[in-house]
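> okay, predicted coordinates and the sequence, questions at the end:
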Amino acid sequence: MTANCPNCLKEFQSAWAVSRHLSQPLTSCLRWIDQLEDAAQILRDSQLADQHATLGPSDEEMVYVQDMNDSGYFYGDEGGVVGLESDLPGSVEEPLGSQASEKPYVERFRNAAKVYRRGQTFWDRFNMDPYSAYRKDNLYYPFASRQDWELGSFLLCSSLSMAAIDEFLELELIKALSLSFRTAKELRGRAELLPPVPKWQYRIVSTTHPTKQPLYFYWRDPLDCIESLFSHPLFAKEIDVTPQRVYHTVERTSRIYNEWLTGDAAWSMQSQLPDGATLLGVILSSDKTNITNMTGGRVAHPLLISLANIKMATRNKASSHAFLLTALLPIAEFLHPVKRMQSVLEARLVHQCLDIVLEPLKQAARIGRMMSDPLGNLRYCFTPLASYIVDTPEACMLACVRGKTSPITMAMYENFGDAFQHSPRTAKTTLEQLLSVACDPLDVEGYFDACAPFRLSGVAQPFWRDWSLADPHVFFTPEALHHWHREFYDHDPLTTFRHFKDGISKLKQVTGRAQRDMQRYIVALIADAAPRSVVIAVRALMDFRYISQATTIDEAHCQKILGALEEFHEHKQEIIACGARRGAKSKQVLDNWHIPKLELMQSVEPSIRQVGSLLQWSADTTEHAHITLIKDPADSSNNINYDAQICRFLDRREKCRNFQIATSIIARTQSQSQASTSRTTDASSEHHDESHDEDPHADKSNLQTGLDDLWGPKRVVTDFFKKAEQLSSDIEVARPLRTFVVVDVVAEKFSLPDLRGALADYIQREGMAQNFHSLRGQRRALPDAPLPLMTLWSGLNQRVILRAQLGSMGTYDAAIFTVDDTGREQWPTSGLKGHDVVEVHLIMQPLLPRGKTGTSAPWATRFLTYVQHLDVMPQRHGSLLECTTQMHILKRAM
């Protein structure tokens, strides 16, 4: 009888062979058994400690802890909650899933993220509010009731001005309500009594050179912001705290990179911290954004902060609010007579302000700070800089280098077209160059000239100079929105080989989404219009961009990224030779590759190994955050002193958001408790001798439902597959309104002359037996073949009908249909094997006359589609891919 090792799942002939395997001194399975015994001892100690504990959390807190305590956590011997994946001695190595050969193998950093004792939870901080005593009688204090709070919260979080709120409250309908506030001033006064959030502060920044106006700098403690994210109940199941190396198999031959903690940078940082320390990666982002669009020209320079330990899928959702505004950098107008020196002084001001606001994070990165996680575990946390999300000009300013210089490597503009990566521009290199400049920094022009040999910008004190474990060539991560999509739009050879008069580069108001759409069809569009080498170069760049955007990347993907970039450099000279590379203004043919973003592509593959998937560092999320954190608050202001009013608005909104979370969960808990008590009372009165079983997961479901209601997506996503299944099961569901009486009407409206013949062919051949209908072969039914009595309905709108009547080609949606009814061929791993490419012309369902069932006509319970089949044209040497574009060439079947 065979047996398997409980750790690596290797199969042996007997249990004795498994025991001998586990006793091998060099095997990781022996360490696994030791760790399992240690875990059992910790669990026994924790149970004894819980039995002798004199103080315990409140009932509401216990509900919360139990909810977050379902993924490998148990109480430790010091009263905290211990994570199984990080608190066992030694290096933890585990295969994920039941088959080690099929699932990733995870090696976790040893002795990381220890729990020391119990700290403060979200509930503790909520109950520490000085007005918490009043909430025992009125949960929604300082508001009179739930309805009073809901209306007040809506007005506080809206973009209505104080005058608009006063006007709303003066309505007779609103006056009839028993509200605790009658003016906007009273409403905002009550908002100040809500539990606090990280506090805003300001100071006047002094500069060495005069400015037109005093500089007011608004900021709040970034360490408090990090702690609020780290302890937030929303992220209880979305935070990782232990660096790990993920492999495809137990042989550890192929690494997998996705989250930040799977990269080499996190592992290296953790190795430089004390044993038991918790690594919290800080994410920063800054970029100027317009407050006013039409008049005034007001600009804000926000500094956003987030936590790299939050999983990328959650962090990059705008509804998660994982990016917080921690500072509004001042916009200065210096009075220096030389305009170039004004930009140098502005860069120095930015570094000076970053020094002020980021000092708490620097101290925590050096000496650490005790913080509580969402479960209330107290951890010894360090806060190095994991990523700074910026565009290229801002990256150069923060790296203290001039334009036309790489902020990540030692390359200058003459080297931007090189086919290899230059040596990294480390923090040590830049600081040594600054120390070698023998000039007084107060002499701005002289210092700027002295920095010229090193291509430095004239900033004497970079903000990152004293930030432990921070290095610009690591934390300036490649950014998809500006470095790839914008680079495609600005520099790829689009204008020469297009049918537009001036090319799409002359289009105005082009968004990131439009740039992505252009990338989807550019290769096929220029395939027959551009020289072969140009098409190969453009296609190689497209392959590079698409592969680099993967959320999970392994060694094979890394090699494909390097191969695509190498292929571009092999064919790039043909772009210049045919005159496709031209200046934006001069329209003259350029014979160089002085493109900074092209050089930054050389850092993509090394950055993936350092910080994980690069898609998580895209500026899409931070750019969208500018709307909710800057533009919307500015709309509610009186257009005077924007910065102060933005800070006040965000303070009120965050208070309302946290208060809503707390009150909603408490209200649900109380409601669930009352319902449970009522059921218990009824059961005991009716059945004294019968036991009444409680649902052990009721509180967990209750809390999760509350969090989903507050933080889940607000837009309802229609599941058409579920609707189709319900229709096939004769379940009553809503049907489209557009109904056609006879098949011939449908054929006429959608310009489908052979629809009747196609339906007859399907019903006579496969309609009675199976769902799949062959898309190939000669049609057997005649065009006027008789059909059973039926009607058809379809949900397509009039625009689609008009488009079909016009008979325009290429305007239908293309789709890939599964034609393999065995289920063995799965898209996309199988490619086009077992699948067909089609154009969808009509989606319909036959309906039998009233009173008749579908038992005698199985085809009447199915969704049917009328499609135009596209044949894949074979290429040379039997290949299905065209050698230049590496794409399939399709032809409409006749």
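Nice, thanks for sending it over. Residues are numbered from 1 along each chain as shown.
> does residue 744 touch residue 756 like I think?
Yes: Residue 744 lies in contact with residue 756 (Cβ atoms under 8 Å); the separation is 6.8 Å. No exception for glycine: its C-beta is placed from N, CA and C like everyone else's.
> neighbour count: those two, which is higher?
residue 756 (21 against 13; other Cβ atoms under 10 Å).
> so the more buried one is in contact with residue 746, correct?
No: Residue 756 is beyond contact range of residue 746, at 9.3 Å (criterion: Cβ under 8 Å).
> distance-wise, check the residue most central in space within the chain relative to residue 256.
Centroid-nearest residue in the chain: residue 316, 2.7 Å away (criterion: Cα atoms, centre = their mean). Residue 316 sits 19 Å away from residue 256, going by Cβ to Cβ, to the nearest Å.
> which ones are touching the residue nearest to residue 560 when sequence neighbours are not counted?
Excluding its sequence neighbours, the residue lying closest to residue 560 (Cβ to Cβ, 6 or more residues apart in numbering) is residue 547, at 5.3 Å. Counting by Cβ atoms under 8 Å, 6 or more residues apart in numbering, residue 547 makes contact with 553, 557, 560, 561, 564.
> just to be sure, the second one is in a strand?
This means residue 557. No: counting by DSSP: H, G, I helix; E, B strand; the rest coil, residue 557 is not found in a strand; it is helix.
> can you tell me which residues contact it?
By Cβ under 8 Å, 6+ apart, residue 557 lies in contact with 547, 550.
> which strand runs longest in the protein?
Longest strand of the chain, by residue count under DSSP state E: strand 835-847.
> who does the helix or strand that that strand is followed by touch, helix- and strand-wise?
With elements assigned by DSSP states H and E, the helix or strand that comes after strand 835-847 is strand 864-872. Counting contacts by 3 or more Cβ pairs under 8 Å, 6 or more residues apart in numbering; DSSP states H and E, strand 864-872 packs against helix 755-765, strand 813-818, strand 835-847, strand 890-892.
> one more time with 7 Å
Helices and strands touching strand 864-872, as assessed by 3 or more Cβ pairs under 7 Å, 6 or more residues apart in numbering; DSSP states H and E, comprise strand 835-847, strand 890-892.
> worst average pLDDT in those?
Mean pLDDT is lowest for strand 835-847 among the helices and strands packed on strand 864-872, at a mean of 81.
> quick revisit: tell me which of the helices and strands packed on strand 864-872 is the most buried.
strand 835-847 (a mean of 19; mean count of other Cβ atoms under 10 Å).
> how far out from the middle of the chain is that one?
Here the centre of strand 835-847 is set off from its chain's centre by 34 Å, with Cα atoms, centre = their mean, to the nearest Å.
> same question, stretch 834-846
33 Å.
> could you do stretch 168-187 as well?
For stretch 168-187 - counting by Cα atoms, centre = their mean - the centre lies 40 Å from the chain centre.
> residues making contact with that stretch?
143, 144, 148, 151, 152, 155, 156, 162, 165, 166, 190 (Cβ atoms under 7 Å, 6 or more residues apart in numbering).
> please pick the buried ones from those.
Among these, those buried by neighbour count (16 or more other Cβ atoms under 10 Å) are 143, 144, 148, 151, 152, 155, 156, 165, 190.
> how close does the second one sit to residue 759?
For residue 144, the distance to residue 759 equals 65 Å [Cβ to Cβ].
> need phi/psi at the closest residue to residue 312 other than its chain neighbours.
Leaving out its chain neighbours, the residue that sits closest to residue 312 by Cβ to Cβ, 6+ apart is residue 616, at 3.6 Å. When read as degrees, to the nearest 10, the backbone of residue 616 gives phi -70, psi -10.
> got a pLDDT number for residue 616?
92.
> wait, isn't it in contact with residue 313?
No: using Cβ atoms under 7 Å, residue 616 makes no contact with residue 313, being 8.7 Å away.
> settle it for me: which of these two has more neighbours?
Comparing residue 616 with residue 313 by other Cβ under 10 Å, the one with more neighbours is residue 616, at 24 against 13.
> residues contacting the more buried one?
Counting by Cβ under 7 Å, 6+ apart, residue 616 touches 312, 315, 316.
> how about the helices of the stretch 601-750 of the chain, start to end?
In the stretch 601-750 of the chain, the helices defined using DSSP state H, counting those that start in this stretch lie at 604-611, 620-626, 632-635, 642-686, 698-711, 720-728, 743-749.
> which of these has the lowest mean pLDDT?
Between these, the one with the least mean pLDDT is helix 698-711; it has a mean of 54.
> then residue 597 would be within a helix, right?
Yes: the assignment for residue 597 is a helix, going by three-state DSSP.
> look up how far residue 460 lies from it.
Distance, residue 597 to residue 460, by Cβ to Cβ: 28 Å.
> try residue 383
With distances taken as Cβ to Cβ, residue 383 is found 25 Å from residue 460.
> these two: which is more packed in?
Shown here are residue 383 and residue 460; by other Cβ under 10 Å, residue 383 has more neighbours (30 against 18).
> which residue, other than its chain neighbours, is closest to that one?
residue 364 (4.3 Å).
> could you dump the contacts of stretch 168-187 into TSV and include secondary structure?
Output for these, formatted as TSV (three-state DSSP):
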residue	secondary structure
143	coil
144	coil
148	helix
151	helix
152	helix
155	helix
156	helix
162	helix
165	helix
166	helix
190	helix
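> out of those, flag the one nearest to residue 534.
residue 156 (56.6 Å; Cβ to Cβ).
> distance of the closest one relative to residue 194?
Note on residue 156: its distance to residue 194, by Cβ to Cβ, is 9 Å.
> so what sits against both of those two?
By the contact definition Cβ under 7 Å, 6+ apart, residue 156 and residue 194 are jointly contacted by residue 656.
> what about the stretch 351-500 of the chain, any weak spots by pLDDT?
486-500 (pLDDT under 70).
> ok, now with 90
Segments of the stretch 351-500 of the chain classed as low confidence (criterion: pLDDT under 90) are 374-376, 392, 403-404, 413-414, 417, 479-500.
> ok, which stretches of it are helices?
Taking DSSP H, counting those that start in this stretch as the criterion, the stretch 351-500 of the chain carries its helices at 392-399, 427-435, 444-450, 472-475, 480, 486-491.
> mind putting these into TSV with distance to residue 113 and mean neighbour count?
Shown next, in TSV, are these (distance: least, Cβ to Cβ, whole Å; neighbours: other Cβ atoms under 10 Å):
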stretch	distance to residue 113	mean neighbour count
helix 392-399	30	22
helix 427-435	26	15
helix 444-450	44	18
helix 472-475	21	24
helix 480	30	22
helix 486-491	38	18
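> any idea which of those helices gets closest to residue 889?
Short answer: helix 486-491, nearest of the helices of the stretch 351-500 of the chain by Cβ to Cβ, at 23.6 Å.
> list the contacts for residue 327?
Per Cβ under 7 Å, 6+ apart, neighbours of residue 327: 218, 219, 303, 357.
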